[in-house]
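Trainee: Provided below are the primary sequence and the corresponding predicted coordinates.
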Protein chains: 2
Amino acid sequence: MSTAKNDRFIRALLRQPVDRTPVWIMRQAGRYLPEYREVREQAGDFMTLCSTPELACEVTLQPLRRFALDAAILFSDILTIPDAMGLGLYFTEGEGPKFKTTISTASDINKLPVPDPADKLRYVTDAVSLIRKELNGQVPLIGFAGSPWTLATYMVEGGSSKSFSKIKALLFEDPASAHLLMNKLADSVAVYLNAQIEAGAQAVMVFDSWGGALTTPHYRDFSLSPMQRIVDQLTREKDGQKIPVILFTKGGGLWLDDIANTGCDAVGLDWSVDIHLARKQIGDKVALQGNMDPAIMATNSEVIKQEVSRILADFGHGSGHVFNLGHGITPNITPENVAALVDAVHEISEQYHS
Amino acid sequence: MSTAKNDRFIRALLRQPVDRTPVWIMRQAGRYLPEYREVREQAGDFMTLCSTPELACEVTLQPLRRFALDAAILFSDILTIPDAMGLGLYFTEGEGPKFKTTISTASDINKLPVPDPADKLRYVTDAVSLIRKELNGQVPLIGFAGSPWTLATYMVEGGSSKSFSKIKALLFEDPASAHLLMNKLADSVAVYLNAQIEAGAQAVMVFDSWGGALTTPHYRDFSLSPMQRIVDQLTREKDGQKIPVILFTKGGGLWLDDIANTGCDAVGLDWSVDIHLARKQIGDKVALQGNMDPAIMATNSEVIKQEVSRILADFGHGSGHVFNLGHGITPNITPENVAALVDAVHEISEQYHS
């Protein structure tokens, strides 16, 4: 496999010079695209879409046909691992992901397998291989997984949660079992991401959607430390190419130093973070990815351009920035506004890379 | 009116020596208490409970009869001001607060009155006077209001929101109108809190529940700056007694310096903040209030004691700390666990005040 023709994304993650700031969008393959909604409807349910490599490949490529994005991201779900552990992932309209079986005791945790990616997660690596082939080197492909803490919240709560009362009770009342769970999930994520890399993923990202719900000591023990365990096990180079690792904790702005010190290549920032300060704080160690407020995408192209300008100026001159939203794009956004964002990043950023 | 017999709370806010760390709990008058649920049922709807001084007084005093709390807080709602502006506040089971009328245009904002607290908010100041009388100097009484940004989110969205898309569109597309709205709300909050102080409130707190949803520049412009405008207008001393002001932005851990620089007396911390670092950062300017994860209240007395110990040790020796949760107590908590919390704070903190 050759390297990508457009390698801005990988170069920015490695803080190597680029001509323009690369941009991709979390959930860029998603419901805001009419062609996505069409495939989604054909597939019937969401898990069929995820688990059919041809369909996952198709929706992965859809946004690249419309917009000058600098990376593709595997279409999948963060909860594939607990599903492969046997918990039975399903989706209900308007309520988000749920599990048929939840875990609560040390015995439940002991029984959980570390899924073999060649077995129950084969549909993911097959999708990665197919997407790499279809991309034909156009842009790099990002593989991803949910963070151990984030996966654990769904596995213990049974679905989305506001208060995380069950999983937090486990952390406080039985920390040994909680550690066992996080270590098992970290090892599962590591072999899963390595299988994605083996199949062709050229960068990987760990999504810690719910790390921001923790106290500082619990974030370190139960979210960051398992992510460190993942980083330590990942394949960091393949066929002479570096495979950058991005860690993203939503609501993790207080812990940027800790995240940067894991040895990851890049840190995802949500929109509450001042990217200028973040660069001063950790920019000598890692690249930064982010961090436009997704709500801006619902305004208009003028506002989008202004905010792109502000964020690019706040980051400043030189490489080490991958432009993105601070969280996933929402279904109500028009493709026109996405085009305005992508084009604005490329046009306005040129001055910062001379 | 005399000062309180137990003045630990006020002294800690002013960073004056205390014998033990004072403690109160956000939403301490609330659904976790069976006697509250009884009065709530008698009242019929929530607004009747808020707007009947005798009932508001009764539920304010209920937790003080059970627990050795160091402060009382007026029983009311953060949304009384927009209700007094004529938007028609109502509550639906399980969906939170809603408004009959929402605002969206410059013309809507221009028409909003600054409510006279002696008129439509008289029920609040009457409740404050009655509570002060009934408290009979036992502990100080806290008055409060919602922050302008937080009030504006409900007024524009019409209720609770996840994405804040309407109010954020206003900030981006018509910042002049947004500033006008925030200034009008700031002035309304200031006269409202001053009326509460006049009626007997001995400290006041501004709840900025949704400031954490903003970017750093928007937080400064649309949440912090209106709170600064409030602080600048508040009565800070009455009858020779200082009236401390507490500002609390949930999710505001990245902006502690900015909040402390408003000239407030204390900063509320949610549980994501490391209180040890926060004290090093702003402890020479302000007192700190917080910051136990409310989820811990659902565990058991041993875990609660451990976490109280950790937070007290993290803050360290000396005054300037008011113990509290990092957000409101939830309805599923047992009164026994609340007693365990309050007693643990008093017992364990003694060593830090010798």
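Mentor: Right, received. Where do you want to start?
Trainee: Is whichever residue of the stretch 51-200 of chain A sits closest to chain B part of a helix or strand, or is it coil?
Mentor: Residue nearest to chain B within the stretch 51-200 of chain A (C-beta to the nearest C-beta): A:K168, separated by 4.0 Å. All C-beta spots, glycine's among them, are computed from the backbone N, C-alpha and C. Secondary structure assignment for A:K168 (DSSP: H, G, I helix; E, B strand; the rest coil): helix.
Trainee: Next up, phi/psi of A:P117, please.
Mentor: Backbone geometry at A:P117, expressed as degrees, to the nearest 10, gives phi -60, psi -20.
Trainee: Enumerate every residue touching it.
Mentor: A:124-125, A:191-192, A:194-196 (C-beta atoms under 8 Å, 6 or more residues apart in numbering or on different chains).
Trainee: Please indicate which of those residues are buried?
Mentor: Burial by neighbour count, 16 or more other C-beta atoms under 10 Å in any protein chain shown: within those this picks out A:124-125, A:191-192, A:194-196.
Trainee: which ones among these are found in helices?
Mentor: When helices are assigned by DSSP state H, the members of the buried ones among the contacts of A:P117 inside them are A:124-125, A:191-192, A:194-196.
Trainee: can you redo those as TSV with distance to chain B?
Mentor: Output for these, formatted as TSV (distance: C-beta to the nearest C-beta, whole Å):
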residue	distance to chain B
A:V124	29
A:T125	34
A:V191	31
A:Y192	28
A:N194	31
A:A195	33
A:Q196	30
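Trainee: Not counting its own residues, what contacts the lowest-mean-pLDDT helix or strand in chain A?
Mentor: Here the helix or strand of chain A ranked lowest by mean pLDDT, DSSP states H and E is strand A:89-92, holding a mean of 91. Here strand A:89-92 makes contact (C-beta under 8 Å, 6+ apart) with A:45-47, A:77, A:79-80, A:82-83, A:97-100.
Trainee: For it, buried residues please.
Mentor: So for strand A:89-92, counting by 16+ other C-beta under 10 Å, buried means A:89, A:91.
Trainee: follow-up on the earlier one: with respect to B:R27, which of the ones in helices among the buried ones among the contacts of A:P117 is nearest?
Mentor: Checking these against B:R27 by C-beta to C-beta gives A:Y192 as the nearest, at 41.5 Å.
Trainee: Could you check how many residues crowd around A:M297?
Mentor: When neighbours are counted by other C-beta atoms under 10 Å in any protein chain shown, A:M297 registers 23.
Trainee: and the closest residue to it other than its chain neighbours, how far is that from chain B?
Mentor: Spatial nearest neighbour of A:M297, chain neighbours left out: A:I333 (4.5 Å); criterion: C-beta to C-beta, 6 or more residues apart in numbering or on different chains. To chain B, A:I333 is 10 Å away according to C-beta to the nearest C-beta, to the nearest Å.
Trainee: Please tell me how far A:I333 sits from B:L141.
Mentor: 47 Å (C-beta to C-beta, to the nearest Å).
Trainee: for A:R37, same thing?
Mentor: Note on A:R37: its distance to B:L141, by C-beta to C-beta, is 55 Å.
Trainee: and stretch A:217-227, how far out from the chain's middle?
Mentor: Distance of stretch A:217-227 from the chain centroid (C-alpha atoms, centre = their mean, to the nearest Å) equals 18 Å.
Trainee: correction: stretch A:83-102
Mentor: Distance of stretch A:83-102 from the chain centroid (C-alpha atoms, centre = their mean) equals 19 Å.
Trainee: Looking at A:R37 and B:L141 now, which is surrounded by more residues?
Mentor: Applying other C-beta under 10 Å to A:R37 and B:L141 shows that B:L141 carries more neighbours, namely 23 against 14.
Trainee: who touches the residue lying closest to the more buried one once chain neighbours are set aside in this structure?
Mentor: Nearest residue to B:L141 in three dimensions, chain neighbours excluded: B:A72, at 4.9 Å (C-beta to C-beta, 6+ apart). Applying C-beta under 8 Å, 6+ apart to B:A72 gives the contacts B:24, B:60-61, B:64, B:131, B:135, B:138-142.
Trainee: before we move on, back to that, secondary structure class for the residue lying closest to the residue of the stretch 51-200 of chain A closest to chain B once chain neighbours are set aside?
Mentor: Among residues not flanking A:K168 along the chain, B:A295 sits closest, at 4.0 Å (C-beta to C-beta, 6+ apart). For B:A295, the assignment made with three-state DSSP gives helix.
Trainee: Before we move on, what's the pLDDT of B:A295?
Mentor: pLDDT, B:A295: 96.
Trainee: Could you double-check that it lies in contact with A:S163?
Mentor: Yes - B:A295 lies in contact with A:S163 (C-beta atoms under 8 Å); the separation is 5.8 Å.
Trainee: higher neighbour count, the two?
Mentor: Neighbour tally, B:A295 and A:S163, criterion other C-beta under 10 Å: the higher count belongs to B:A295, 24 against 16.
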